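A.B. asks: curious how this folds, go ahead:
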Amino acid sequence: MKKASVVSINERALENLRYIRETMERARSFTAVPGWGGVLMGISALLMAMISSLLPSTELWVASWLGEAVLALAIGGWAMCQKAKAVQSTLLGGPGRKFALSLCPAMIAGGILTVVLYNNALFTLLPGVWLLLYGVAVVTGGAFSVNVVPMMGISFMILGTIALFSPAEWANWFMATGFGGLQIVFGIIIARRYGG
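C.D. replies: Below you'll find the predicted structure:
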């Protein structure tokens, strides 16, 4: 018969404290927001800004940016999965789940407003609405993330507000600045400071 090993209560307590500390450090430093994925999203938006500036109609311009939104969503989802896998976390729980659930309401509102504005031929409002609501989505999603994420969202909100009061001819510049430039700058910051 094997002799059972005795573990002192002090050893057990130290082991539990170590586990708790390591778990809290991982949770603090992990953000579900993908830094390098954000950079890729920004690059694709800059390319779309160049392409869409050459399109002959407003309807094609809107369709091209909606296609870009789908592409950015796919890039962001893929990058979030890669980042979670790298830190051995799951997107269905913890920071990833909170981020996604907080992000969705503003994104859904943006989709609904896009349909309403498009159906009423209010195309000039779309860039401001998209930037503003994306910013709101990032701020609310960032409430469960690192401080730089809500700052990113606020930057989008400010840019979207300015776009709403600017001439329609500047639409592509606002889209390139926000979904391209801001996304790249904050993506690099997130990637360097918080991994991937």
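A.B. asks: going forward, measure contacts and count neighbours with C-alpha atoms only.
C.D. replies: OK.
A.B. asks: where's the helix or strand hosting L66 relative to the chain centroid, distance-wise?
C.D. replies: Element membership for L66 (DSSP states H and E) is helix 58-86. Helix 58-86 has its average C-alpha position 10 Å from the chain's average C-alpha position, going by CA atoms, centre = their mean, to the nearest Å.
A.B. asks: next: stretch 144-158.
C.D. replies: 9 Å.
A.B. asks: return the set of buried residues in it.
C.D. replies: Going by neighbour count (16 or more other CA atoms under 10 Å), the buried part of stretch 144-158 is 144-146, 148-157.
A.B. asks: pLDDT (mean, whole number) over stretch 64-84?
C.D. replies: For stretch 64-84, mean pLDDT is 89.
A.B. asks: is it true that G160 touches L126?
C.D. replies: No. Counting by CA atoms under 8 Å, G160 does not reach L126; the two are 9.5 Å apart.
A.B. asks: more neighbours: the two, which one.
C.D. replies: Shown here are G160 and L126; by other CA atoms under 10 Å, G160 has more neighbours (26 against 23).
A.B. asks: ok, now which ones touch V33?
C.D. replies: M80, S145, V149, I190 (CA atoms under 8 Å, 6 or more residues apart in numbering).
A.B. asks: for it, give me the pLDDT.
C.D. replies: The model's pLDDT for V33 equals 75.
A.B. asks: how much space separates it from A176?
C.D. replies: Distance, V33 to A176, by CA to CA, to the nearest Å: 20 Å.
A.B. asks: could you do Q88 as well?
C.D. replies: Shown here: Q88 relative to A176, a distance of 34 Å by CA to CA.
A.B. asks: out of those two, which sits in the more crowded spot?
C.D. replies: Between Q88 and A176, A176 has the larger neighbour count (other CA under 10 Å), namely 21 against 10.
A.B. asks: wait, that one sits on M41?
C.D. replies: No. In terms of CA under 8 Å, A176 does not count as a neighbour of M41; the distance is 11.2 Å.
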